[in-house]
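K.L.:
predicted model and sequence below, questions to follow.
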Amino acid sequence: MGAHPELTIVLDRLRSSFNAGNIFRLADAVRAKEVICCGYTPAPPHPKLARSAMGADKTVPFRRFDRTADAVRDLKRAGCCVLAVEVSDSSTHVWDYPCCFPLALVFGNEALGVDPEVCAMCDGIVSLPMFGAKTSVNVGNCAAAVLYSIIEKYEFRSPAE
């Protein structure tokens, strides 16, 4: 494919400003179109978020929505494919899912996951395989694995390549 994908990152009620900042830094690394902070997810300007974002909070476009469902509706109206990233009986491993672009990925609360109402609105649900006793990984780690697996699968390359 070669061209850069249009990726949007949606954060559904994240509690941790450090996780949010980490994802802003990741969004900059993958050149995401934007980060959408929903509910009580910390958003710039925020001192703890800024510390872990290391400047990405100033370079990555972002929007806020009170409700993640409203953000998903807005993205779908704009022609975006929206996928929830959530371990469930109906999820498909991210590398097996046939993504279409522009693409938005919804990452959920550290303890609660993606709101079930939001999952039902999405075009699909993707996950990473879980082999251990725990059924989740840190949301920032999850976002990195999911985003880079999509970049690799569709052979997106940086401008220098």
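P.N.:
The structure has been received and is ready for your questions. On a predicted model such as this, the values are computed, not experimentally measured, just so you know.

K.L.:
which stretches of the chain form helices?
P.N.:
In the chain, the helices defined using DSSP state H lie at 17-29, 47-53, 56-59, 68-77, 116-121, 139-153.

K.L.:
then the shortest one to CSV, C-alphas only?
P.N.:
To tie it back to what came earlier, the one meant is helix 56-59. Only the C-alpha atoms of helix 56-59 are listed here, as CSV (Å, rounded to 0.1, in the frame of the first residue of the first chain):
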residue,chain,number,x,y,z
ALA,A,56,2.9,15.3,21.5
ASP,A,57,0.0,16.9,23.3
LYS,A,58,1.1,20.1,21.4
THR,A,59,1.5,18.4,17.9
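
K.L.:
one step back: looking at the helices of the chain, which one is packed in the most?
P.N.:
Each of the helices of the chain was scored by mean neighbour count; the highest is helix 17-29, a mean of 23, by mean count of other C-beta atoms under 10 Å. For glycine as for every other residue, the C-beta is placed from the backbone atoms N, C-alpha and C.

K.L.:
what sits up against it?
P.N.:
Outside helix 17-29, the residues within contact range by C-beta atoms under 8 Å, 6 or more residues apart in numbering are 9, 11, 14, 32, 34-35, 37, 41-44, 46, 48-57, 59-60, 62, 107, 110, 138-140, 143-144, 147.

K.L.:
quick one, it and helix 139-153 angle?
P.N.:
Put simply, helix 17-29 runs at 20 degrees to helix 139-153, going by axes from the mean of the first three to the mean of the last three C-alpha atoms, to 10 degrees.

K.L.:
need the contact list for Pro102.
P.N.:
Neighbouring residues of Pro102 by C-beta under 8 Å, 6+ apart: 5-8, 33, 78-81.

K.L.:
roughly how far does it sit from Gly79?
P.N.:
Taking C-beta to C-beta, to the nearest Å as the measure, Pro102 and Gly79 are separated by 7 Å.

K.L.:
list the beta-bridge partners for the nearest residue to Asp123 once chain neighbours are set aside.
P.N.:
Excluding the flanking residues, the one nearest Asp123 by C-beta to C-beta, 6 or more residues apart in numbering is Cys81, at 5.1 Å. On the basis of DSSP bridges, Cys81 is bridged to Leu103.

K.L.:
relative to Glu110, how far out is Cys81?
P.N.:
As judged by C-beta to C-beta, Cys81 and Glu110 stand 25 Å apart.

K.L.:
quick one: mean pLDDT for stretch 104-116?
P.N.:
Averaged across stretch 104-116, pLDDT comes to 95.

K.L.:
23 is where my numbering starts, stick with that
P.N.:
Okay, using 23 as the starting number, the last item reads as stretch 126-138.
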